[in-house]
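Trainee: Sequence first, then the predicted structure:
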Amino acid sequence: MATKVGKRYRSEKQMVPAEPVSISQAVRLVKQFNHTKFDQTVELTVQLGIDPKQADQNVRGSLSLPHGIGKLKRVIAFCEENKVQSALDAGAIEAGGDELVAKIQKGWTDFDVAIATPAMMRSVSRLGRILGPAGKMPSPKSGTVTENVADAVKEFAAGKVSFRNDDGGNVHVPVGKLSFDEDKLQENIEAFLAYLQSIKPAASKGAYIKKATLSATMSPSIQLNLR
């Protein structure tokens, strides 16, 4: 089976243009790589002209894409007792205060996004070593620390994209599924790139978006021409 996949991948790799292509061309080509029985995720990878070692150049944020990403997320909420029920009604799989913190300290991490109220962050900060490396630590910049817990839960459960650059200065985000119409994938990509440009750190000099590629879960990547 591994050999089969390898042969197919090599064949698809030969279909990838040597030069960057437009977003619409890249989307059309990626959709031709739909050979699996499951609906592959389409991912955008952007190389940024930032120094990730400098705190004032790090990039993170969250965005609800025009057409979603085709996946419901498991969201938990760290909140006061009077907000627990509204968080659960909004779609949180777990909601609570110190008891939820304790549950995660014991090893439970079966969720995708964590929301927290500002008041709860003192307790949640004890989970930094667990949630930080997994990219699940609540943060005001990503929209996951807020008083409006119910609204945040709804948005992230519906597939709101939360991201931050990695140690190499790259950002990786899902922008939909291969089953999406071409125009919807293109609009999602364009919306994300526009948002990414809008949060360019003031300390970042020179070219900000240096390179962007599009790929599906099991496909080669295609470089985008963003000029």
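Mentor: Noted; the coordinates are in hand.

Trainee: going forward, measure contacts and count neighbours with C-alpha atoms only.
Mentor: Fine.

Trainee: buried residues in the helix or strand hosting Lys211?
Mentor: Using DSSP states H and E, Lys211 sits in strand 209-216. Neighbour-count burial for strand 209-216, counted by 16 or more other C-alpha atoms under 10 Å, picks out Ile209, Lys211, Ala212, Thr213, Leu214, Ser215, Ala216.

Trainee: List the contacts of the third one.
Mentor: Spelled out, it's Ala212. Contacts for Ala212 were tallied using C-alpha atoms under 8 Å, 6 or more residues apart in numbering; they are Leu44, Thr45, Val46, Gln47, Gln223, Leu224, Asn225, Leu226.

Trainee: what does the average pLDDT come to for the strand holding Lys211?
Mentor: Averaged over strand 209-216, pLDDT sits at 96.

Trainee: Give me the distance between the longest helix seen in the chain and the centre of its chain.
Mentor: Ranked by residue count and defined by DSSP state H, the top helix of the chain is helix 182-198. From the chain centre to the centre of helix 182-198 is a distance of 13 Å (C-alpha atoms, centre = their mean, to the nearest Å).

Trainee: who does it touch, helix- and strand-wise?
Mentor: helix 23-31, strand 170-177 (3 or more C-alpha pairs under 8 Å, 6 or more residues apart in numbering; DSSP states H and E).

Trainee: Just say which of these is most tucked in.
Mentor: Of the helices and strands packed on helix 182-198, the one with the most neighbours on average (mean count of other C-alpha atoms under 10 Å) is strand 170-177, at a mean of 22.

Trainee: Just to be sure, Ile130 is in a helix?
Mentor: Yes - under DSSP: H, G, I helix; E, B strand; the rest coil, Ile130 falls within a helix.

Trainee: any idea how far it is from Glu43?
Mentor: 25 Å (C-alpha to C-alpha, to the nearest Å).

Trainee: Kindly report the same for Tyr195.
Mentor: 16 Å.

Trainee: Asn82 too?
Mentor: On the measure of C-alpha to C-alpha, Asn82 and Glu43 end up 38 Å apart.

Trainee: ok, these two, which is more surrounded?
Mentor: Neighbour totals were compared for Asn82 and Glu43, and Glu43 leads with 20 against 9 (other C-alpha atoms under 10 Å).

Trainee: So the more buried one is in contact with Ser215, correct?
Mentor: Yes - between Glu43 and Ser215 there is a contact at 5.5 Å, judged by C-alpha atoms under 8 Å.

Trainee: check contacts around the closest residue in space to Asp89 that isn't next to it in sequence.
Mentor: Nearest residue to Asp89 in three dimensions, chain neighbours excluded: Ala150, at 7.9 Å (C-alpha to C-alpha, 6 or more residues apart in numbering). Ala150 sits next to Lys83, Ser86, Ala87, Asp89, Ala90 when contact means C-alpha under 8 Å, 6+ apart.
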